[in-house]
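K.L.:
okay, here's the prediction I keep looking at, along with the sequence it came from:
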Amino acid sequence: MRLVNILGAAMMALTASAQNYVPSAEVKKSQEDFSDDRFGIFIHWGIYSMFGQGEWYLNYGPNAEEYMKAAKGFYPADFNAAEWVSAIKDAGAKYITITSRHHDGFSMFDTAENDYNIVDGTPFKRDILKELSEECQKQGIALHLYYSHLDWVRDDYPQGRTGKTTGRDASKADWNSYYGFMNRQLTELLTNYGPIRAIWFDGWWDHDEDTVAFDWQLPEQYELIHSLQPACMVANNHHQTPFPGEDIQIFERDLPGENTAGMSGQEVSRLPLETCNTMNGMWGYKIMDQNYKDATTLIRYLVKAAGMGANLLLNVGPQPNGELPATALSRMKEMGEWLRQNGETIYGTEAGPFPAQSWGTATRKGNRLFVHVMTPETNAILLPTDIKIKKAFEFGSGKPVKFSKTGNHTLIEIEELPNSPDYIIECEL
Ligand code: GLC
């Protein structure tokens, strides 16, 4: 009876401390830097790239033991961390989020936990995460790590609603063993790879249909992360409103508040926001998917995200040889060219004073309002805000633009309908 009371009190204390979570000064600084960044590149890379069918391949039939043999043939001869980081910086991205371990359980870093990893389990034997983290520090770009909560190959992971056909022995499920494994790996990641600005979890939803709520023991895990690296933010792609202890809110394949892909009905919180999306249709390398969005679409998506005060984390799935696909590289190049001219209206901005309109959106920096005209139907652009504008001019050229008050709103008249991804008018407030 007493033990029950003590345990109960301890749990209540923990829940209370998690609920009263206040980010540390170090986390707050990371949140500010993160929000200023606005654009990051997501990298989904693992042994799944060899099958060329995306990172969920193992879920669709193969037996885990057979699948894991692929590690012995993984030799990404053309991997070059310096080239990746330069290309990503050139794209105008300010951070990289890479899969340290995806649902197939393969670790893309040197772990002491098992041999199913890039150093001990492949003929390549190089710790690509080490090389990448060193290069990120050298070139001054922040590093975030994706880490899968679920695992399709380990017996001790209590099976959820995915990965049911991989041949795991469900009778060997052992949460304590698996939880310990994850926390030891997180400790390795946060000890051996320099500053990590965020841990990006994924897979919580594997147990969202359990009849008895599954306890992932997140508060303790989040505390571990914050204690190992006080500036490291916690993010979780659970598709829910953020839980206590989380420092970023993530949306998958949708802008905050939108839900076209069916994963993002959750409320928009006051945390820094990030939406991740693909350039083609898949995260991991998929040989049959060459259906890349064009640069205009990608630029407009970034602008729309910025207009909502959100970051865009845009995905690239490297090839099995370690190169980034040529089409992805060319899109990144085009985005970089655009950002070199117009980045001033994206980086370090806040959401505009009104929601997205059919013609576009707005971002704001101090007393500067940037009106992003992307898909206007007429030359008259109505800003639905009573904000007082002193001057309006074309961003870049400084050429004056006509504006007038209509009621509480402002009407901007543009001379010619733009033939560009984004025609930007700067307003002085
Ligand atoms: C999904 C998928 C996963 C991908 C992630 C990226 O949750 O399970 O494969 O890594 O989305 O957002």
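P.N.:
Happy to help now that I have it. Numbers count the residues shown, from 1 in each chain.

K.L.:
that's a helix at L329, yeah?
P.N.:
Yes. With DSSP: H, G, I helix; E, B strand; the rest coil as the criterion, L329 is assigned to a helix.

K.L.:
for it, list the residues it contacts.
P.N.:
A87 (C-beta atoms under 8 Å, 6 or more residues apart in numbering). All C-beta spots, glycine's among them, are computed from the backbone N, C-alpha and C.

K.L.:
so the closest residue to D169 other than its chain neighbours is in which element?
P.N.:
Leaving aside its chain neighbours, D169 sits nearest to D155 (4.7 Å; criterion: C-beta to C-beta, 6 or more residues apart in numbering). D155 is part of no helix or strand when elements are defined by DSSP states H and E.

K.L.:
same question, the one 10 residues further on
P.N.:
Using DSSP H and E, T165 maps to neither a helix nor a strand.

K.L.:
that one is in contact with G61, isn't it?
P.N.:
Yes. With contact defined as C-beta atoms under 8 Å, T165 reaches G61; the gap is 6.1 Å.

K.L.:
tell me which of the two has more neighbours.
P.N.:
Ranked by neighbour count (other C-beta atoms under 10 Å), T165 and G61 place T165 first, with 14 against 9.

K.L.:
measure the more buried one to E26 for me?
P.N.:
Per C-beta to C-beta, to the nearest Å, T165 is found 43 Å from E26.

K.L.:
residues making contact with stretch 73-80?
P.N.:
With C-beta under 8 Å, 6+ apart, stretch 73-80 has contacts from 47, 50, 118, 121-124, 126, 128, 131, 318, 320-323.

K.L.:
sorry, wrong one. I was asking about stretch 389-396.
P.N.:
Taking C-beta under 8 Å, 6+ apart as the rule, stretch 389-396 contacts 341-342, 344-345, 369-371, 399-403, 410, 412, 423-429.

K.L.:
who in the protein is up against the ligand?
P.N.:
H44, E55, W56, D202, N237, E252, C276, W283 (C-beta under 6 Å from any ligand atom).

K.L.:
let me have those residues in JSON lines, adding pLDDT as columns.
P.N.:
Shown next, in JSON lines, are those (pLDDT from 0 to 100):
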{"residue": "H44", "pLDDT": "99"}
{"residue": "E55", "pLDDT": "98"}
{"residue": "W56", "pLDDT": "98"}
{"residue": "D202", "pLDDT": "98"}
{"residue": "N237", "pLDDT": "98"}
{"residue": "E252", "pLDDT": "96"}
{"residue": "C276", "pLDDT": "98"}
{"residue": "W283", "pLDDT": "98"}
